[in-house]
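Colleague: okay, sequence plus prediction incoming.
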2 protein chains.
Amino acid sequence: MKIVVLKFGGTSVGSIERIKKVTNIIIGYIKKKYKVIVVSSAMSGETNELIKKSKKISNNFSPSEYDVLLSTGEQASCALIAGRLNHLGYKSNSWMGWQIPIFTEGNYCSSRISTIYKKNILNFLRSGGIPVIAGFQGINVNNRITTLGRGGSDASAIMLSKFFKAKKCIIYTDVEGVMTTDPRTLKKAKKIKIISYEEMLEMASLGAKVMQPHSIQDARLNRINIDVKSSFTNKEGTLITKRKNISNNKTITGITSTKNDSKITLVGVKDRPGVAASIFKPLSQNFINVDMVVQNISANGKETDLTFTIKTEELQKTSKLLRQNKKIKFKKLIIDKNVSKVSIIGVGMITTPGVTYRMFQALANKGINILVISTSEIKISVLINKKNLKKAVYTLHKEFGLYI
Amino acid sequence: MKIVVLKFGGTSVGSIERIKKVTNIIIGYIKKKYKVIVVSSAMSGETNELIKKSKKISNNFSPSEYDVLLSTGEQASCALIAGRLNHLGYKSNSWMGWQIPIFTEGNYCSSRISTIYKKNILNFLRSGGIPVIAGFQGINVNNRITTLGRGGSDASAIMLSKFFKAKKCIIYTDVEGVMTTDPRTLKKAKKIKIISYEEMLEMASLGAKVMQPHSIQDARLNRINIDVKSSFTNKEGTLITKRKNISNNKTITGITSTKNDSKITLVGVKDRPGVAASIFKPLSQNFINVDMVVQNISANGKETDLTFTIKTEELQKTSKLLRQNKKIKFKKLIIDKNVSKVSIIGVGMITTPGVTYRMFQALANKGINILVISTSEIKISVLINKKNLKKAVYTLHKEFGLYI
């Protein structure tokens, strides 16, 4: 069987008109002799409405019932899609997690798919049916509904592609694909036609919102090609695939930037072994994610300055934890909310020397000061003053030829 | 186990505030050492919203997907109730039809409960849990969601009471119980404290909207006492029970009236054997419910006048079918939309002679003309001019001492 998995996000099924459009896309694949597995999110807005209700019931709503509540959104959209396909004369059924079943492991609200039973869906596909499967949901071994957390419907689509050995997995969304950088930061951002899992992982981790990192990781591990495209236009999207499939690597594939980072500097920290651990342990225990870290070498060997970045929303909590921490001593705590992290990502930089130099030089030429640097094999991040953000992204976009 | 089934209708769980109130009612029974099984409808308004969506997708929406769509309403309200109970420190879980499971037979949208598996719920009750069960839904042998049609959550409550041998089944609603007559017709209507299944069946069939007839019939067959009461007040409601439990029968228990009946008279119908069948067969084939029927004896033995009533919304269709019917001949078709059916119901009339006379005399004394009469063992219905409706209900209410 030539199976294709088509996943539609919330905005793609956000209204009755959109659902009608989406069924036309599905039928297009049926006419091309594909066996289609549809995965749908909840209609956009529905999930937020349900979350609002749960918050009014309890500021600490029970996770297992939260999953029961939220999973109704996908149930409704799947019924509407299948109902529309029926209306147009196609055999189709909605399928909830428990009907397949899709088994999950882990906690409520953030489960992971462990097993998908194929028999029911395969029989339905063989009989000419179009299964419309609720994304984001499964059941655990206790026969309770579980959900997969943010971006969970993508995870459903990728695991279904894996288990059913789909020829294609297409993620339909409200953007035309993965962009070289956020179009809100740089209007001239261009669509990336092809990108490796690794680059996509870095971009997603650094704030590109097209897909959640763990879904990309699942796709990478199972070598599933993902097409990200818009359900609103008929244009070609972005193919996420393995590096080997990408022939003409550019040095840099994409640029990301953040707007809600804060920089904290502890001035005059007593420099002794284990001091960094003493600083970061209570933060980690409180689920505060520390990002870029720099420690200046102390001149006298006794004191040092330690700088790191966190999300601004965790600034208050972090600052409180640092001041309460009796295991460390420091002279001053300097906080800077006006920072942005700009990152360039590209597998091409592995084989191209001098990328770091080009980046720094390009920024320096525009008078942009670099506050902190962090790098990985396929990524270089710099922290700059937020006021320079747009200029920096524009400069780097030009420097590395992303317009072309 | 001392089990009580508490069923909450749509308005009883119609808002977050209402859901909080309802959980307090539940906890009241827990404190009285009852094992509580909760059955909930969808939040009022939700089901209508879902129906609207289905109609926009198709004017002939697939029944199986309709059930998948509609059943999300109860899933959400049950999750919110269970979530609230959890918040207040009580062990509780929502239970969907498929998790118990509750098996149904019959068509989508109008299934009937055939079997309820008790093991899961019994274990949960024994462990101190409060199961919050989605009303209105079950699954069929194909593992597809089915719904029970109008008033389906009442049917769920009654069948759960049967299978779990509940000591009580309490139907919480937005009225204080079953009234002697519709308070919109007669402000002075009083609450009936106790009523037999048979009387309640007649009243429901004649338009009292508290419960659907088939749920009352299920309760009657299984000898389940039903308490109908308001979740908005703390007042005693109406007990629906078997005749033997009612000691001080009044002659008449309740009065119903209709506002949307129409009277059709076929004048000068050829009087031959089988003519009534020829008239009514096409109506029945088109699902038109013929209610009261009178045939005048023809003076010459050749022609007769036939009068019957139908719901006004089916008037156009009926009139068309009658005119198209080539098997019958008549001189004239007279339609009267200004009629109302007023019925008095009471098991007491079986043992009390002269009820019919008293009814007719009371109406005659007020100058109210009776157009058509129909009777059963515990009910007398008369068709009158609609303009006399309130006067008739008031007069009969007084005549049979329902104020007391």
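Modeller: Looks like it came in fine. All values reported here derive from a predicted model rather than from experimental measurement.
Colleague: near chain B, which residues of the stretch 1-150 of chain A?
Modeller: For the stretch 1-150 of chain A, the residues in contact with chain B (CB under 8 Å from any CB of the partner chain) are A:16, A:19-20, A:50, A:53-54, A:56-58, A:60-62, A:64-66, A:68-69, A:71-72, A:75-76, A:78-80, A:82-84, A:86-87, A:93-94, A:96, A:98-99, A:143-144. C-beta coordinates here come from the backbone N, C-alpha and C atoms, glycine included.
Colleague: write the PyMOL selection for whichever of these are buried.
Modeller: Selecting only the buried entries of these in PyMOL, with 16 or more other CB atoms under 10 Å in any protein chain shown as the criterion:
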select buried, chain A and resi 16+19+20+50+53+54+56+57+58+61+62+64+65+66+68+69+71+72+75+76+78+79+80+82+83+84+86+87+93+94+96+98+99+144
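Colleague: can you flag which of the residues of the stretch 1-150 of chain A next to chain B belong to strands?
Modeller: When DSSP state E is applied, those are split such that A:93-94 fall in strands.
Colleague: in helices, which of the residues of the stretch 1-150 of chain A next to chain B appear?
Modeller: Applying DSSP state H to the residues of the stretch 1-150 of chain A next to chain B, the entries found in helices are A:16, A:19-20, A:50, A:53-54, A:56-57, A:64-66, A:68-69, A:71-72, A:75-76, A:78-80, A:82-84, A:86-87.
Colleague: below-threshold pLDDT in the stretch 201-350 of chain A: ranges please.
Modeller: Filtered on pLDDT under 70, the stretch 201-350 of chain A yields the residue ranges A:249, A:298.
Colleague: just the strands in it please.
Modeller: A:226-230, A:238-241, A:254-257, A:261-270, A:293-295, A:303-311, A:332-345 (DSSP state E, counting those that start in this stretch).
Colleague: ok, which of those comes nearest chain B?
Modeller: strand A:226-230 (22.3 Å; CB to the nearest CB).
Colleague: dump that closest one to CSV, keeping only the CA atoms.
Modeller: Taking C-alpha atoms only, strand A:226-230 is exported to CSV below (Å, rounded to 0.1, in the frame of the first residue of the first chain):
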residue,chain,number,x,y,z
ILE,A,226,8.5,15.4,6.6
ASP,A,227,6.9,17.9,4.2
VAL,A,228,5.8,21.0,6.0
LYS,A,229,3.4,23.0,3.9
SER,A,230,0.4,25.4,4.0
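Colleague: for A:Gly28, phi and psi?
Modeller: Phi and psi for A:Gly28, reported as degrees, to the nearest 10, are phi -60, psi -40.
Colleague: please work out which of the strands of the stretch 201-350 of chain A is packed deepest.
Modeller: strand A:254-257 (a mean of 26; mean count of other CB atoms under 10 Å in any protein chain shown).
Colleague: who's sitting farthest from the centroid in chain A?
Modeller: A:Asn300 (44.0 Å; CA atoms, centre = their mean).
Colleague: and that one, how far is that from A:Lys332?
Modeller: For A:Asn300, the distance to A:Lys332 (CB to CB, to the nearest Å) stands at 17 Å.
Colleague: go on, A:Asn24?
Modeller: For A:Asn24 relative to A:Lys332 (CB to CB), the value is 62 Å.
Colleague: what of A:Ile192?
Modeller: Separation of A:Ile192 from A:Lys332 (CB to CB) stands at 43 Å.
Colleague: same deal with A:Ile133?
Modeller: A:Ile133 is 56 Å from A:Lys332, where distance means CB to CB.
Colleague: check A:Pro63 too.
Modeller: Going from A:Pro63 to A:Lys332 by CB to CB gives 41 Å.
Colleague: now swap in A:Asp67 and tell me
Modeller: When distance is defined by CB to CB, A:Asp67 is 46 Å away from A:Lys332.
Colleague: and what of A:Lys366?
Modeller: In terms of CB to CB, A:Lys366 sits 31 Å off from A:Lys332.
Colleague: same question, A:Ser111
Modeller: A:Ser111 is 44 Å from A:Lys332, by CB to CB.
Colleague: how about A:Ile194?
Modeller: Counting by CB to CB - A:Ile194 and A:Lys332 are separated by 49 Å.
Colleague: please apply the same query to A:Ser247.
Modeller: Applying CB to CB, the value for A:Ser247 to A:Lys332 is 53 Å.
Colleague: ok, the nearest residue to A:Ser257 once chain neighbours are set aside - contacts?
Modeller: Of all residues not flanking A:Ser257 in the chain, A:Val342 sits nearest, at 4.8 Å (CB to CB, 6 or more residues apart in numbering or on different chains). Counting by CB atoms under 8 Å, 6 or more residues apart in numbering or on different chains, A:Val342 touches A:255-257, A:381-382, A:384, A:389, A:392-393, A:396.
Colleague: is A:Val342 bridged to anything, and to what?
Modeller: Legend: beta-bridge partners of A:Val342 under DSSP bridges are A:Ser257, A:Val382.
Colleague: tell me the spacing between it and A:Ile370.
Modeller: Look at A:Val342 and A:Ile370: by CB to CB, they are 9 Å apart.
Colleague: again, but for A:Leu122
Modeller: Applying CB to CB, the value for A:Leu122 to A:Ile370 is 55 Å.
Colleague: what are the buried residues along the helix or strand encompassing A:Ile384?
Modeller: If you go by DSSP states H and E, A:Ile384 is part of strand A:379-385. Using 16+ other CB under 10 Å as the test for burial, strand A:379-385 gives A:379-384.
Colleague: now for the residues you listed, which pair is the farthest apart?
Modeller: A:Lys379 and A:Ile384 (15.7 Å; CB to CB).
Colleague: how many residues are close by the nearest residue to A:Lys311 once chain neighbours are set aside?
Modeller: Nearest residue to A:Lys311, sequence neighbours excluded (CB to CB, 6+ apart): A:Asn260, at 6.0 Å. Other residues within reach of A:Asn260, judged by other CB atoms under 10 Å in any protein chain shown, total 16.
Colleague: which ones are touching the spatially most central residue of chain A?
Modeller: The centroid of chain A falls nearest to A:Gln212 when counting by CA atoms, centre = their mean (2.3 Å). For A:Gln212, the contacting residues are A:149-151, A:154-155, A:204, by CB under 8 Å, 6+ apart.
Colleague: 6 Å instead?
Modeller: The contact partners of A:Gln212, by CB atoms under 6 Å, 6 or more residues apart in numbering or on different chains, come to A:150-151.
Colleague: distance of it relative to chain B?
Modeller: According to CB to the nearest CB, to the nearest Å, A:Gln212 and chain B sit 24 Å apart.
Colleague: now do A:Met200
Modeller: Using CB to the nearest CB, we find A:Met200 at a distance of 34 Å from chain B.
Colleague: didn't that residue look like it was pressed against A:Ile216?
Modeller: Yes. Using CB atoms under 6 Å, A:Met200 is in contact with A:Ile216, at 5.1 Å.
Colleague: number of residues surrounding the residue lying closest to A:Lys341 once chain neighbours are set aside?
Modeller: In space, A:Lys341 comes closest to A:Thr258 once its chain neighbours are excluded; the distance is 4.6 Å by CB to CB, 6+ apart. Neighbour count for A:Thr258, taken as other CB under 10 Å: 21.
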